[in-house]
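In: Build me a model:
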Amino acid sequence: MKLIVNSVLIRRSIEEVFDYCSDLENELQWNPNGLLSLKALSSRPIVVGTKYVATWKGSPPMTCEYTRIERPNAWEVYSAGKGMDLLFLGQVTGQGDEALLTISMDLRPRGLLRLFAPIIRGAFQRNEVKNLANIKGQMEGSTQPRQ
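Out: Numbers count the residues shown, from 1 in each chain. Presented below is the predicted three-dimensional model:
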């Protein structure tokens, strides 16, 4: 499946954006209607190998494992679930008080879900646009999460 890639410019330092966005627990703030539950399977701080079990609206629980952490520029999380795996890559670039957050997702549906790949991809694309707007709003203090 093709990568889903979206970006947003945030008026914060790259370190602040990385620290906020790379922490899966913060998704409860910017995606309160999408992320239904999150359970840590590892202790903090977040390092390569840190794991969570997460449940998003419309999906069964997924095991999420950090496979890359390169503060303040990149992190990667591999999520495995029934019917679909997902590789998530966050990248932060910029300087001063502006950071460009780029999120790439590689959706890997299996079995019958492969038949619905274009629909799934479209839904993820639409949700990610909202999610990035919510992250920007949370970090800049300008908006409440969009539904």
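In: Could you use CA atoms for every contact and neighbour count after this?
Out: Will do.
In: So what's the gap between stretch 14-25 and the chain middle?
Out: Its chain's average C-alpha position is 10 Å from that of stretch 14-25, according to C-alpha atoms, centre = their mean, to the nearest Å.
In: Also stretch 92-111?
Out: The mean C-alpha position of stretch 92-111 is separated from the chain mean by 8 Å, C-alpha atoms, centre = their mean.
In: Okay, buried residues for the helix or strand where R121 lies please.
Out: Applying DSSP states H and E as the criterion places R121 in helix 117-140. Neighbour counts over helix 117-140 (16 or more other C-alpha atoms under 10 Å) mark 117, 121, 125, 127-128, 130-139 as buried.
In: Pull the contacting residues for the residue nearest the centre of the chain.
Out: Closest to where the C-alpha atoms of the chain average out (C-alpha atoms, centre = their mean) is F88, at 6.3 Å. Contact partners of F88, counting by C-alpha atoms under 8 Å, 6 or more residues apart in numbering, are 76-79, 103-106.
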